[in-house]
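> What follows is a predicted protein model with its sequence.
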Amino acid sequence: MRGAADQRGAPSYVRRMRVLLGAAAFVLAGLGLYQVSPWLLPLAVAEGPMVQQAGPHSVRIVWYLSRPDESGFRLKDAVASVTTLQQGRRWSARVEGLEPGREYAYEILDGDQVIATHAFRTERPVQEPFSFVVFGDSGKGTKAQFQVAAQMAALAPDFMVHTGDVVYPDGSRGRYRKRFFDPYRELLPSVAFWPCLGNHDVSLPGAEAYHEIFELPENGPPDQPAEQNYWFDYGQARFVVLNSNLPEAELSASVAPWLAQALKGAPPWRFAVFHHPPYTAGSHKPSGALQRVIVPVLEAGGIDIVFNGHDHMYQRTEPLLAGQPAAAASADDAAALVAPGSDGATVRGIVYIVSGAGGARLYDLAPADRRPAYFAALDNSVHSFTHVRIDGSTLHLRQIAADGRVLDEWSLTKTPTEAGH
């Protein structure tokens, strides 16, 4: 009788095991074998590669393997100096001795085996036109984030600028794969990425993931953490990137003096990038600290455009000077900007762009009676990004929706003196 009972129970046991094995297989497929047990599959590039600091003669490439292991980097059909560095799964290559404006194909290696092939372009010669995209508040892993990424990739920009909140909700390392590397997988291996710190990127102490992943210039204020404030040049443009999460006292004592120096002798096109907007028609309040401490330095330094995020929408102001349309600025305001030490900057006012519709939930506009009249364009109806093209003395800006529609267009032309001709 015992044997008969065992025989009758066997099919039920087998069915239960099949169900359990099927559930386990489903979980493994959902999580990805590389994440559950990366040793089961061949070595692969799990995150990246990502282009960093692409200049006229050098570039840095960052990639993460599916597990800690040996890897390598080489250019195809070109000779250059390559230095690689490993930190666990993370690898980086510093490539030097390159030619300006040239496309270089490269390979990521596992021994002699190629596991990834991509190409990047070095910075174009100074006289050539170039373009870049600006976006922010993106890192939610939403469908909209992927749609915005696809539209940006179709334009083949020379580089990307991010206005902060790279990864929600707290900038933790475990979220970067699905909320950063995956959405921009068509861009990062070939187009340099320049980020700034948003408030969600510093939710964890020290912004550790941000510092681990990105390799940024270490030319910021000496008393501030490296890479949180920095500047870089591309052609006839200088970009100054700030950490606007700092308290007003630190902005005043540390960042503002450094910013003034960074803008002295800068190329004729000048841009600033930081997360919190000094002027906004969104649901957040304008930053009084930035108005008091940073805006006067930007005006004195001849900044053309400030790019911000934080409010999840698109905004563009008229040129502003001392918080009001430049045409209406007082003579005292204008005189202050051409005082000694201002690098002879032209007083024309600054256009403030909020490009914070990169993928996270869109925000409401402030009530109509609280919106200053100096806003020339506003859109919180659709996710979008900013595309900028510079050709000599002319800048053309478009705001492009996730479905490809152009939401706004604006141009600025400098005089020959302003353009450095």
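That came through, no problem.
> Spell out, range by range, the helices that occur in the stretch 101-250 of the chain.
For the stretch 101-250 of the chain, the helices defined by DSSP state H, counting those that start in this stretch cover 143-155, 176, 208-213, 248-250.
> Quick one: classify the closest residue in space to Leu246 that isn't next to it in sequence as helix, strand or coil.
Counting by Cβ to Cβ, 6 or more residues apart in numbering, Leu246 lies nearest to Val255, which is 6.5 Å off, once chain neighbours are set aside. (C-beta placed from N, C-alpha, C; glycine too.) What DSSP: H, G, I helix; E, B strand; the rest coil gives for Val255 is helix.
> I'd say Val255 and Pro222 touch.
No. If you go by Cβ atoms under 8 Å, Val255 and Pro222 don't touch, sitting 11.5 Å apart.
> which one of the two has more residues nearby?
Val255 (26 against 9; other Cβ atoms under 10 Å).
> ok, Leu43 - contacts?
Counting by Cβ atoms under 8 Å, 6 or more residues apart in numbering, Leu43 makes contact with Leu65, Ser66, Arg67, Asp69, Ser71, Asp110, Ile115.
> cool, Met160 as well?
Per Cβ under 8 Å, 6+ apart, neighbours of Met160: Phe132, Val133, Val134, Phe135, Met152, Tyr184, Leu187, Val191, Ala192, Phe193, Trp194.
> cutoff 10 Å now
51, 132-135, 149, 152, 184, 187-188, 191-195, 385 (Cβ atoms under 10 Å, 6 or more residues apart in numbering).
> What ranges does the stretch 301-421 of the chain have for its helices?
Using DSSP H, counting those that start in this stretch, helices in the stretch 301-421 of the chain cover 331-337.
> can you pull out the strands in it?
305-308, 314-317, 320-321, 324-325, 351-355, 375-379, 384-391, 394-401, 406-413 (DSSP state E, counting those that start in this stretch).
> between the helices of the stretch 101-250 of the chain, which gets nearest to Ser92?
For the helices of the stretch 101-250 of the chain, distance to Ser92 was read as Cβ to Cβ. The smallest value, 10.3 Å, belongs to helix 208-213.
> Could you work out which of the helices of the stretch 101-250 of the chain reaches nearest to Thr84?
helix 208-213 (16.8 Å).
> Give the buried residues for stretch 241-259.
Within stretch 241-259, the residues scored as buried using 16 or more other Cβ atoms under 10 Å are 241-246, 250-251, 254-256, 258-259.
> Convert the C-alpha atoms of it to CSV, please.
C-alpha atoms of stretch 241-259 as CSV (Å, rounded to 0.1, in the frame of the first residue of the first chain):
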residue,chain,number,x,y,z
VAL,A,241,29.0,73.8,-15.0
LEU,A,242,28.0,74.6,-11.4
ASN,A,243,26.7,72.7,-8.4
SER,A,244,23.7,74.8,-7.4
ASN,A,245,22.8,72.5,-4.5
LEU,A,246,25.3,74.4,-2.3
PRO,A,247,24.2,76.8,0.4
GLU,A,248,24.4,80.5,-0.4
ALA,A,249,27.4,81.0,1.8
GLU,A,250,29.5,78.5,-0.2
LEU,A,251,28.3,79.8,-3.5
SER,A,252,29.4,83.2,-2.5
ALA,A,253,32.7,82.4,-0.8
SER,A,254,33.9,79.6,-3.2
VAL,A,255,32.0,79.2,-6.4
ALA,A,256,31.4,82.8,-7.4
PRO,A,257,35.1,83.9,-7.3
TRP,A,258,36.1,80.8,-9.2
LEU,A,259,33.3,81.4,-11.8
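> For that stretch, what is the distance to the chain centroid?
20 Å (Cα atoms, centre = their mean, to the nearest Å).
> Show the average pLDDT along that stretch.
For stretch 241-259, the mean per-residue pLDDT is 98.
> For the stretch 201-350 of the chain, which residues score under the pLDDT cut-off?
329-347 (pLDDT under 70).
> Name the residues linked to the residue nearest the centre of the chain by a beta bridge.
Residue closest to the average C-alpha location in the chain (Cα atoms, centre = their mean): His162, at 2.6 Å. Applying DSSP bridges to His162 gives these bridge partners: Phe135.
> pLDDT at it, what is it?
98.
> Ala192 is in contact with that one, correct?
No. Contact criterion Cβ atoms under 10 Å: His162 and Ala192 do not qualify, at 11.3 Å.
> wait, which of the contacts of Met160 is closest to Gly171?
Closest to Gly171, out of all of those and judged by Cβ to Cβ, is Pro195, at 10.7 Å.
> can you tell me how far the residue nearest to the closest one when sequence neighbours are not counted sits from Ile350?
In space, and not counting its chain neighbours, Pro195 is closest to His162: 4.3 Å by Cβ to Cβ, 6+ apart. The gap separating His162 from Ile350 is 20 Å, by Cβ to Cβ, to the nearest Å.
> who wins for proximity to Ser393 among the helices of the stretch 101-250 of the chain?
helix 143-155 (22.0 Å).
> from the chain's centre, how far out does that closest one sit?
14 Å.
> Next: stretch 199-215.
The answer for stretch 199-215 is 13 Å, by Cα atoms, centre = their mean.
> buried stuff in it?
Neighbour counts over stretch 199-215 (16+ other Cβ under 10 Å) mark His200, Asp201, Val202, Ala207, Ala209, Tyr210, Ile213, Phe214, Glu215 as buried.
> closest to Gly282 among those residues?
For those, the nearest to Gly282 is His200 (16.0 Å; Cβ to Cβ).
> what's the closest non-adjacent residue to that closest one?
Asp165 (4.5 Å).
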